[in-house]
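Colleague: Structural data only, the sequence is not supplied:
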């Protein structure tokens, strides 16, 4: 009998090909990421290595029956030292797994794991329009703080990005 429970766990290096596959869907088919060319597994290695099983920068996957359904991360917000207690959240799901709670599972676990990790604020950028992502962020206490108008050009047009923030260390 198959185990149909969806579980979250820290990402492993052997997940990187699947994480890259999921990400490349969004590169090729949506404006959600501003990468315009597919990335390679080797090209994503530095990104993967920037995350750790503990500390501020985490990378979690959701899996079911051994198949990775998506991932969420907290990563460096900016490189200057004074920003070190701020992180940027991201979530990417296999396109067939959106809208059924996988993103919520990942964000809940990510926020739980960041408790006590000396993270003060979390930020997230949402390419507009994207009602599902806006709802997800609001559900987890992120508040809209502004919109960068026409900040990225992809697919021959300009896109806005709405920014959200949330306090983490007082949660």
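Modeller: Ah, there it is. Quick caveat: nothing in here was measured; it's all calculated off a predicted structure. Numbering: from 1, shown residues only.

Colleague: Assign the most centrally placed residue in the chain to helix, strand or coil.
Modeller: When Cα atoms, centre = their mean is applied to the chain, the residue found nearest the centroid is residue 90 (1.7 Å). Residue 90 carries the three-state label strand when classified by DSSP: H, G, I helix; E, B strand; the rest coil.

Colleague: what's the spacing between it and residue 46?
Modeller: 15 Å (Cβ to Cβ, to the nearest Å). Yep, even glycine has a C-beta here, placed from its N, CA and C like the rest.

Colleague: can you check residue 131 too?
Modeller: Distance from residue 131 to residue 46, by Cβ to Cβ: 32 Å.

Colleague: what about residue 51, how many neighbours?
Modeller: As a burial measure, residue 51 scores 19 neighbours (other Cβ atoms under 10 Å).

Colleague: just so I have it, where are all the helices in this structure?
Modeller: All helices of the chain, identified by DSSP state H, fall at 16-29, 45-49, 102-114, 131-139.

Colleague: Quick one: mean pLDDT for the shortest one?
Modeller: With pLDDT averaged residue by residue, helix 45-49 scores 96.

Colleague: quick one on the thing from earlier: put together JSON lines for the helices of the chain, with distance to residue 151 and mean neighbour count on each row.
Modeller: What follows is the helices of the chain, written out as JSON lines (distance: least, Cβ to Cβ, whole Å; neighbours: other Cβ atoms under 10 Å):
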{"stretch": "helix 16-29", "distance to residue 151": "17", "mean neighbour count": "17"}
{"stretch": "helix 45-49", "distance to residue 151": "21", "mean neighbour count": "13"}
{"stretch": "helix 102-114", "distance to residue 151": "23", "mean neighbour count": "20"}
{"stretch": "helix 131-139", "distance to residue 151": "16", "mean neighbour count": "16"}
